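> Return a 3D structure for these sequence lines:
(one chain, ligands or ions: 1)
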Amino acid sequence: MKIIVCAKQVPDTNEVKIDPVKGTLIRDGVPSILNPDDANALEAALAVKDANPGTTVSVISMGPPQACTMLHECLAMGADDAYLLSSRAFGGADTCATSTTIAAGIKKIADYDIIFAGRQAIDGDTAQVGPQVAQRLGLPVVTYVQKVREFKKGSVVVERQLEDGYEVIEVKTPCVLTCVKELNTPRYMTISGIIKACEETQVTIWNENDVNLPPEQCGLKASPTQVMKSFTPAPKGKGEMLSGSITEMATTLIAKLNEKHVL
Ligand SMILES: Cc1cc2nc3c(=O)[nH]c(=O)nc-3n(C[C@H](O)[C@H](O)[C@H](O)COP(=O)(O)OP(=O)(O)OC[C@H]3O[C@@H](n4cnc5c(N)ncnc54)[C@H](O)[C@@H]3O)c2cc1C
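Just a heads-up that it's a prediction; the model follows:
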């Protein structure tokens with residue numbers, strides 16, 4: 001089996017700061033990590049590899065050259081090879097252009113059975129890229145995968161997380177599965193993996209020519225999203241803690257909500 005994992009390098013913080021003028025993320029001085037959901041996606045792929053000898057796991061990312069560090073971590077966890085789509089032409093990409101570029105990279109890797117992505121990146125937070133990659137490749141997609149139950153010939157059975165339960169879905173392969181954190185606990189890098197990643201396995205870097213994308217289909221030029229304004233909402237003032245018994249607190253709360261005409 002051949003598995004591809006989409007991995008994004010993200011700032012190591014939930015408090016992403018936004019450039020008030022450009023409306024883009026301020027990344028300088030913020031340490032970067034493998035997007036948490038993508039660590040679950042990689043773990044899912046590596047678990048399939050452990051259980052099915054001969055399986056290969058490739059990791060693909062679009063980002064600046066420093067994303068190589070994150071890809072080396074993926075190799076040290078056990079991935080077989082890694083690809084970085086990196087070029088000035090990819091800069092300023094919205095999710096539409098990001099997925100076009102990633103899909104072009106995946107086409108070049110070719111012959112895949114399953115593409116794992118995270119459900120969502122902790123910086124952009126749109127959860128659009130996985131489904132968009134599926135759409136561009138003409139593949140079925142299952143989002144919110146919380147368990148991979150069984151591989152059959154030509155299909156895979158997964159559990160898809162819902163708010164109050166889950167649904168069991170059998171989907172034909174090749175397909176895209178987007179993963180949630182409940183799927184697994186990502187493994188640590190191993191010493192031998194770190195040595196192999198540093199000494200033996202290089203990250204392959206591709207630009208727009210390598211993946212046959214004309215410049216007008218990449219980056220800002222191919223991004224229909226216009227960010228009009230980005231801002232952090234001002235804090236709304238202090239919260240109030242109620243005290244007393246449950247009945248007293250509930251009574252006070254109802255009175256306060258009535259006072260504000262919420263109820
Ligand atoms: C006008 C505009 C300009 C922007 N300019 C920039 C910019 O200059 N630089 C910049 O970094 N961001 C920029 N962004 C943000 C960028 O569009 C998103 O971060 C990116 O498209 C991914 O979307 P997301 O973070 O919401 O990912 P989600 O859709 O939440 O991610 C879901 C999953 O898709 C996969 N995935 C997402 N992105 C990648 C990736 N890059 N590589 C591999 N897998 C991935 C991962 O598996 C991830 O878990 C810009 C956005 C807009 C609207």
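> immediately after the strand ranked longest in the chain, which helix or strand?
For the chain, the strand with the greatest residue count under DSSP state E is strand 141-152. For strand 141-152, the succeeding helix or strand toward the C-terminus, using DSSP states H and E, is strand 155-162.
> for the residue in the stretch 1-150 of the chain that the ligand sits nearest to, phi and psi?
Closest approach between the stretch 1-150 of the chain and the ligand, counting by CB to the nearest ligand atom: residue 124, at 1.9 Å. All C-beta atoms are positioned from the backbone trio N, CA, C, and that covers glycine. Listed backbone geometry of residue 124 is phi -70, psi -40, with angles given as degrees, to the nearest 10.
> residue contacts, it?
The neighbourhood of residue 124, defined by CB atoms under 8 Å, 6 or more residues apart in numbering, consists of residue 95.
> do residue 145 as well
Taking CB under 8 Å, 6+ apart as the test, what residue 145 contacts is 44, 158-161, 177-180, 183.
> on that earlier part again, and the longest strand of the chain, does that touch the ligand?
No: no part of strand 141-152 sits near the ligand under the criterion CB under 6 Å from any ligand atom; the closest distance found is 9.6 Å.
> I'd like the distance from that strand to the chain centre, please.
Strand 141-152 has its C-alpha centroid displaced from the chain centroid by 16 Å (CA atoms, centre = their mean, to the nearest Å).
> Of the contacts of residue 145, which is the most crowded?
For the contacts of residue 145, the largest neighbour count, defined by other CB atoms under 10 Å, is 32 neighbours, found at residue 179.
> residues making contact with the helix-or-strand element of the chain with minimal mean pLDDT?
Least confident element among the helices and strands of the chain, by mean pLDDT, DSSP states H and E: helix 191-199 (a mean of 88). Residues from elsewhere that reach helix 191-199, judged by CB under 8 Å, 6+ apart: 72-73, 75-78, 189.
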